[in-house]
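Asker: pasting the structure only:
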């Protein structure tokens with residue numbers, strides 16, 4: 001971990017980057033949920049472009065984002081297919097998939113607390129992901145499996161596995177060459 005006042009790519013201090021990353025994520029999350037798929041895709045492309053100018057290893061970061069995109073699409077596809085989420089289609093909407101990409105941009109920065117803490121990341125994923133899905137579903141008109149608590153429980157259990165995996169993938173992708181974990 002770099003010293004709090006060291007400069008990241010883009011000339012920001014590490015602390016400034018963390019705050020900017022968290023604020024941009026929250027705004028982009030709301031934009032994606034409120035305005036739907038077209039605006040979500042455009043917003044996500046802009047956020048990722050900004051993000052890549054601010055990180056030290058854009059290539060590794062982009063590869064990592066691609067992995068999270070694949071995991072997220074597969075997860076939400078399963079949620080749609082099994083009725084955990086009812087989106088009105090057979091595929092997750094693009095705005096929902098965009099949230100995975102946006103989430104991936106936070107794992108190295110605001111979510112750093114969870115790095116190398118698998119139990120904490122399982123608890124965090126299991127608790128906070130259902131809250132995010134619940135809020136997003138209500139705002140975007142997506143129905144949860146009934147009763148709501150059952151759909152949220154399935155999401156929480158899924159994320160208790162997914163979040164530690166995503167954290168692990170990030171720490172592996174960003175470790176210096178030649179360093180074993």
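Answerer: Nice, I can see it. From a predicted model like this one, the values you see are computed outputs, not experimental measurements.

Asker: wait, residue 93 sits on residue 87?
Answerer: Yes: in this structure, residue 93 is within contact of residue 87 by CB atoms under 8 Å, at 5.4 Å. For glycine as for every other residue, the C-beta is placed from the backbone atoms N, C-alpha and C.

Asker: between those two, what contacts are shared?
Answerer: Listed as contacting both residue 93 and residue 87 by CB atoms under 8 Å, 6 or more residues apart in numbering are residue 142.

Asker: On the pLDDT front, check the residue sitting nearest the centre point of the chain for me.
Answerer: Note on the chain: the residue nearest the mean C-alpha position is residue 103, at 1.9 Å, using CA atoms, centre = their mean. Residue 103 carries a pLDDT value of 98.

Asker: Report the spatially closest residue to it, excluding sequence-adjacent ones.
Answerer: By the measure of CB to CB, 6 or more residues apart in numbering, the closest residue to residue 103 outside its immediate chain neighbours is residue 68, 6.9 Å from it.

Asker: where in this structure is pLDDT low?
Answerer: 1-10, 177-181 (pLDDT under 70).

Asker: got the end-to-end distance for stretch 85-99?
Answerer: Separation of the first and last residues of stretch 85-99 by CA to CA, to the nearest Å is 15 Å.

Asker: All the strands of this protein, in order from the start?
Answerer: In the chain, strands defined by DSSP state E lie at 85-86, 143-144, listed in chain order.

Asker: Can I get the ones you listed in CSV including distance to residue 49 and mean neighbour count?
Answerer: Formatted as CSV, these follow (distance: least, CB to CB, whole Å; neighbours: other CB atoms under 10 Å):
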stretch, distance to residue 49, mean neighbour count
strand 85-86, 29, 20
strand 143-144, 33, 18
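
Asker: Of those, which is nearest residue 175?
Answerer: Each of these was scored for nearness to residue 175 using CB to CB, and the closest is strand 85-86 (34.2 Å).
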